[in-house]
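>>> okay, sequence plus prediction incoming.
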Amino acid sequence: MIFRQATIRLTLLFTIILLLLFGAFGVGVYVFVISSFDYDTAASTGSNAVDAAEQSFADLRFGLLIGYLALVVIVPIVCYLMVRLVLRPAKRGFEAQQRFVDDASHEFRTPLSIIQGELELAISRPRSHEDYQSAIITALDEVDHLNTLTNDLLLLSRSNKTELSAAFQPVELRSIVERAVATHARGPMKDRIELRTVDVMVLGSEILLVQAFGNILDNAVKFSPPGAPIRVTLAQHGERAQVAVQDAGSGLTAEQQSHAFDRFWRSEESRTLPGRGLGLALVKQIVDVHRGSVGLQSDGNSGTCVTIELPIFRG
């Protein structure tokens with residue numbers, strides 16, 4: 001809305017300025033031609049010469065008027081395109097900032113909940129020194145996670161793929177997947193997540209990849225019925241590492257699958273559940289930055305399988 005209003009205002013301003021300049025130029029040309037014409041010489045050669053000159057002036061006025069009317073149509077279009085081109089970098093920066101705010105608010109919820117839970121548990125009743133120390137360590141780990149996540153999200157929002165890739169490090173994908181699973185395999189989910197992995201290295205950001213797999217697992221847990229298994233498989237296919245997360249939920253229709261990675265999109269069935277429709281959108285953004293691909297398969301009634309493929313790092 002802000003950029004639309006700015007585009008319209010600047011287009012109108014540039015159009016008025018250019019039309020005034022072209023109008024002044026046309027009037028100047030006409031005045032110059034009229035003032036430069038020698039009527040005495042034309043009159044001495046006969047009235048026909050004066051009539052011909054008057055007709056030429058009329059043709060000049062008509063041509064200038066038609067040209068100006070054409071500019072009235074063309075100039076606003078040209079100004080609009082120029083304004084859009086000029087505002088494009090500012091718009092990209094504004095959208096990147098908005099993405100950071102939206103993604104940060106979405107992704108900070110889990111670590112903040114853990115910190116709050118640990119601190120509330122610690123002060124709920126008198127505890128031993130070891131219990132307090134454990135709670136503080138857990139809270140500090142999550143604070144460190146928040147700091148790293150903030151830096152990576154800022155980098156993700158402000159940098160292009162080339163700049164971001166320059167900061168990537170070789171990471172063990174198996175440990176990343178296991179870390180994401182361990183975060184969710186608690187309480188009633190402890191025995192429901194089935195994990196199969198292999199040793200494979202990729203080039204990237206450990207914290208962003210953990211976040212991507214965590215978002216997928218969040219959805220799998222959220223949409224699977226109680227007691228249903230969730231299968232996480234890490235395999236190697238040629239020069240690509242593949243992580244597949246299969247749930248046993250109700251699945252998605254073809255129409256729903258086409259919107260699954262859209263920002264803020266949520267199916268009708270999920271609107272009563274927590275979330276803002278940013279999880280899979282952020283997954284796709286993270287995977288794209290890592291030069292990978294993400295896909296979703298579902299037949300609409302027997303669960304959903306989300307697959308992430310990343311290029312293998314050979315060193």
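Great, that's in hand. These numbers were taken from a predicted model, which means no experiment stands behind them.

>>> okay, and the helix or strand of this protein with the least pLDDT?
Lowest by mean pLDDT, DSSP states H and E among the helices and strands of the chain is helix 39-44, with a mean of 58.

>>> what number of residues lie near Arg290?
To be clear, residue 290 is His; Arg isn't right here. 23 (other C-beta atoms under 10 Å). The way it works is simple: take the backbone N, C-alpha and C, and place the C-beta from them, glycine included.

>>> dihedrals phi and psi, it?
phi -90, psi 10 (degrees, to the nearest 10).

>>> cool, Ala244 as well?
phi -120, psi 130.

>>> what of Ala167?
Backbone dihedrals for Ala167, given as degrees, to the nearest 10, come out at phi -90, psi 0.

>>> my guess is it meets Ile207, correct?
No. The pair Ala167 and Ile207 fails to qualify as a contact (C-beta atoms under 8 Å) at a distance of 11.7 Å.

>>> for those two, indicate the residue with more neighbours.
Shown here are Ala167 and Ile207; by other C-beta under 10 Å, Ile207 has more neighbours (21 against 12).

>>> centre of the chain versus the stretch of helix or strand the more buried one belongs to, how much separation?
Taking DSSP states H and E as the definition, Ile207 sits inside helix 206-223. Chain-centre distance of helix 206-223: 18 Å, with C-alpha atoms, centre = their mean, to the nearest Å.

>>> and it, which residues are buried?
Buried residues in helix 206-223, counting neighbours by 16 or more other C-beta atoms under 10 Å, are found at 206-221, 223.

>>> the strands in the stretch 201-315 of the chain, which residues?
Assignment of strands within the stretch 201-315 of the chain using DSSP state E, counting those that start in this stretch yields the ranges 201-204, 230-237, 240-246, 293-298, 304-311.

>>> mind putting these in JSON lines, mean pLDDT and distance to Ala135 included?
Written out in JSON lines, the entries for the strands of the stretch 201-315 of the chain read as follows (pLDDT from 0 to 100; distance: least, C-beta to C-beta, whole Å):
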{"stretch": "strand 201-204", "mean pLDDT": "92", "distance to Ala135": "32"}
{"stretch": "strand 230-237", "mean pLDDT": "91", "distance to Ala135": "29"}
{"stretch": "strand 240-246", "mean pLDDT": "93", "distance to Ala135": "31"}
{"stretch": "strand 293-298", "mean pLDDT": "88", "distance to Ala135": "36"}
{"stretch": "strand 304-311", "mean pLDDT": "92", "distance to Ala135": "34"}
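
>>> how about these in CSV, adding mean neighbour count and distance to Ser175?
As requested, the strands of the stretch 201-315 of the chain are exported to CSV (neighbours: other C-beta atoms under 10 Å; distance: least, C-beta to C-beta, whole Å):
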stretch, mean neighbour count, distance to Ser175
strand 201-204, 20, 10
strand 230-237, 17, 10
strand 240-246, 20, 13
strand 293-298, 17, 20
strand 304-311, 20, 14
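
>>> alright, that wraps it up for me.
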